[in-house]
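[1] just to be clear, the model below is a prediction. Sequence and coordinates:
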Protein chains: 2
Amino acid sequence: MVTINDIAKKAKVSKSTVSKVINNYSGVGDDTKEKVLKIMKENNYWPNSVARSLSTKKSYTIGIFGPQILNNFFFREVFEGIEAVMGDKGYDLLYFTNKQWDESWVDYSYKEKCENRNVDGVIMMGYGKVNIAQFDRLLKSDIPSVFIDLDLVGSNTSYVTSDNTGGARKAVEYLAELGHKKIAMIRGLNGFKVSTDRFVGFQQAIKALNLPYNSEWMFDGDYSMETGYQSMKRILNLDEKPTAVFAEDLIAIGAIKAIRQAGLNVPGDYSIIGFDSIEIGRHYHLTTIAQDQIGLGEAASKLLLNIINKKSFSPIILPTRLIIGETCRKV
Amino acid sequence: MVTINDIAKKAKVSKSTVSKVINNYSGVGDDTKEKVLKIMKENNYWPNSVARSLSTKKSYTIGIFGPQILNNFFFREVFEGIEAVMGDKGYDLLYFTNKQWDESWVDYSYKEKCENRNVDGVIMMGYGKVNIAQFDRLLKSDIPSVFIDLDLVGSNTSYVTSDNTGGARKAVEYLAELGHKKIAMIRGLNGFKVSTDRFVGFQQAIKALNLPYNSEWMFDGDYSMETGYQSMKRILNLDEKPTAVFAEDLIAIGAIKAIRQAGLNVPGDYSIIGFDSIEIGRHYHLTTIAQDQIGLGEAASKLLLNIINKKSFSPIILPTRLIIGETCRKV
DNA sequence: CTGTTAGCGCGTTCAA
DNA sequence: TTGAACGCGCTAACAG
């Protein structure tokens, strides 16, 4: 590896002069500057980020934490947005693997992991309310952090999320427009802000539109097709059945499977509306409330950059929009 | 941030003693060791990886390069396998964003990026033959590297891939068993090893089984539904039509769409067999040749660790297997 | 068994 | 305009 010393030697200047050239500081003669640049180029020299980070405390690295980032369709797209914005600004992404947390002698935590790697900031995704206590030290530290879909704020912390409440209202309103009155909802994990918000929006709309609310039509589970499948099977056995179901995309697809397996069809017998707009949903022509996943990643990145650069910042709520597919019908 | 000096001061020992404790070296008295450990724990101390990396040249970081890693269903699962193995061994993953490559003064390349970040090794995925020239300096360097689906080898380089040739043969053999004789193939990108290998396997099987080969039944494009859709539309217009189509999953799905749009059905009118077994394919009950994506990631990781640890290593070819869905029928 | 010293590659005073 | 000296946090000889 060619270092700043090699360059200094070859250019017959001191390394601090080379450093000034690297950082484009003033106070270097034009001719020496040119000479140094030439040598750097000839030797394919690039200053070592690690050493640089050690002395400047700035690494041009953004940490990413998340227990389910990669095996999740949703976050895959969020990641795409992060990569675009951060890459553009010259940052690389450090994905923290979920290795053993409790090392021998220390209560090792997010904060320490970030300090350990000198990341300039961190994006947290895939966490729910149950995890909040774990973030205590991180939030109290001066490490810039942005949460996705978890409303945590602090002097160096903010969050981005979609307008889940409004989106859920939109779903119910659309079903109501089509003439549906009896609407079921299958929720994802309870401890997650997105689920709660959507449930709130659902109830708001039910009340505002004077639709019947029946606790038998409310289900929860996790964010999986299985949850949708099992819940729908129970719906199919109810005495008083709903005519429409609102659920997150993956869950909605599970519900569709249960309906078809029972010899019924969508939207003939049941109207189904999703939430998320993950790619798989499009293969089912799912009517859904779309979030802007890539936009979430981009917004989180820009927000984090603002925190890092000491600019003003506040939480960002992205709008949702209705995508009409083929799984809802007029009744 | 609490440093080794803070600990040394509080424990009233020198920092080299602390260092020895950290690294669990021998030559430290039991009582001092215990005292130091206690202080470390009390202060939530964890040695800074960046500083450590600077002096040891070992960062416990694996670099990941790939132009299309995240916006690709296939590599998402490979990444999962990498995360599992590397996380288990205490490595974090540095995802290099694709920012501007040609900086002002240097022909900045993979090798320099790796040196720059002191990564212990690098996994390259999503590259084709067209990119090989770019890897020249990386291959000549002493940076351990493993390629996925690109057969590059060297003193510190190896690769993993699936048995694409054998898998393609398997696909043709299965179709032949079902009585198909006229088999079309729609290939993904030409410059990629996987496509070439599968084409070779396809031709081998055609020849071995004495099936007709018709250049009108051969198509190529990119790895997209659109390619499958357009190619299939052309197939539907041929005078002499095949009865079965072999194509990578996403392409196969596009072909299915074209068939259905023409008012025909699968497998009634055409049998379709895929390759990859991406999650979306399962929603179409696609018969396909499955690769083990997570296994690819795991194998790449283990291989890379072997190179890093100076153990013996050689390329790994993972087997494929036939998954029978509902898109092929006897004729 | 413990501490002193030097050095990893770079940025940053502060003199010259 | 330039360079010597020091420090970032840590490891690695080497003495004591």
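    Right, received. Where do you want to start?

[2] now do the strands in the stretch 51-200 of chain A.
    For the stretch 51-200 of chain A, applying DSSP state E, counting those that start in this stretch gives strands covering A:61-65, A:92-95, A:121-125, A:145-148, A:157-162, A:183-187.

[3] how about the ones you listed, which one is nearest chain B?
    Nearest to chain B among these is strand A:92-95 (4.3 Å), distances taken as Cβ to the nearest Cβ. From N, CA and C alone the C-beta is placed, and that goes for glycine too.

[4] including mean neighbour count, mean pLDDT and distance to B:Glu173, could the strands of the stretch 51-200 of chain A go into JSON lines?
    Compiled in JSON lines, the strands of the stretch 51-200 of chain A are given as follows (neighbours: other Cβ atoms under 10 Å in any protein chain shown; pLDDT from 0 to 100; distance: least, Cβ to Cβ, whole Å):
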{"stretch": "strand A:61-65", "mean neighbour count": "24", "mean pLDDT": "96", "distance to B:Glu173": "44"}
{"stretch": "strand A:92-95", "mean neighbour count": "23", "mean pLDDT": "95", "distance to B:Glu173": "40"}
{"stretch": "strand A:121-125", "mean neighbour count": "25", "mean pLDDT": "96", "distance to B:Glu173": "44"}
{"stretch": "strand A:145-148", "mean neighbour count": "27", "mean pLDDT": "97", "distance to B:Glu173": "47"}
{"stretch": "strand A:157-162", "mean neighbour count": "24", "mean pLDDT": "97", "distance to B:Glu173": "48"}
{"stretch": "strand A:183-187", "mean neighbour count": "25", "mean pLDDT": "96", "distance to B:Glu173": "43"}
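
[5] okay, the ones you listed in TSV with distance to A:Ser53 next?
    Formatted as TSV, those follow (distance: least, Cβ to Cβ, whole Å):
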stretch	distance to A:Ser53
strand A:61-65	8
strand A:92-95	12
strand A:121-125	14
strand A:145-148	18
strand A:157-162	22
strand A:183-187	43
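
[6] for B:Phe202, find the nearest of these.
    strand A:92-95 (36.9 Å; Cβ to Cβ).

[7] please compute how far that closest one lies from its chain's middle.
    Put simply, strand A:92-95 sits 15 Å off its chain's centre (Cα atoms, centre = their mean, to the nearest Å).

[8] which helices and strands sit right next to that strand?
    strand A:61-65, helix A:73-88, strand B:92-95 (3 or more Cβ pairs under 8 Å, 6 or more residues apart in numbering or on different chains; DSSP states H and E).

[9] could you list the residues in contact with that strand?
    A:60-64, A:69, A:82-83, A:86, A:117, A:119, B:61, B:83, B:92-97, B:117 (Cβ atoms under 8 Å, 6 or more residues apart in numbering or on different chains).

[10] could you list the low-confidence segments of chain A?
    Counting by pLDDT under 70, chain A shows low-confidence ranges at A:68-71, A:99-108.

[11] which parts of it sit against DNA strand D?
    If contact is defined as Cβ under 7 Å from any atom of the strand, the residues of chain A in contact with DNA strand D are A:12-17, A:20, A:26-29, A:31-33, A:51, A:54-55.

[12] ok, now with 6 Å
    Taking Cβ under 6 Å from any atom of the strand as the measure of proximity, chain A contacts DNA strand D at A:Val13, A:Ser14, A:Ser16, A:Thr17, A:Gly27, A:Val28, A:Gly29, A:Thr32, A:Leu54, A:Ser55.

[13] how about the contacts made by A:Asn131?
    For A:Asn131, the contact set (Cβ under 8 Å, 6+ apart) comprises A:Leu150.
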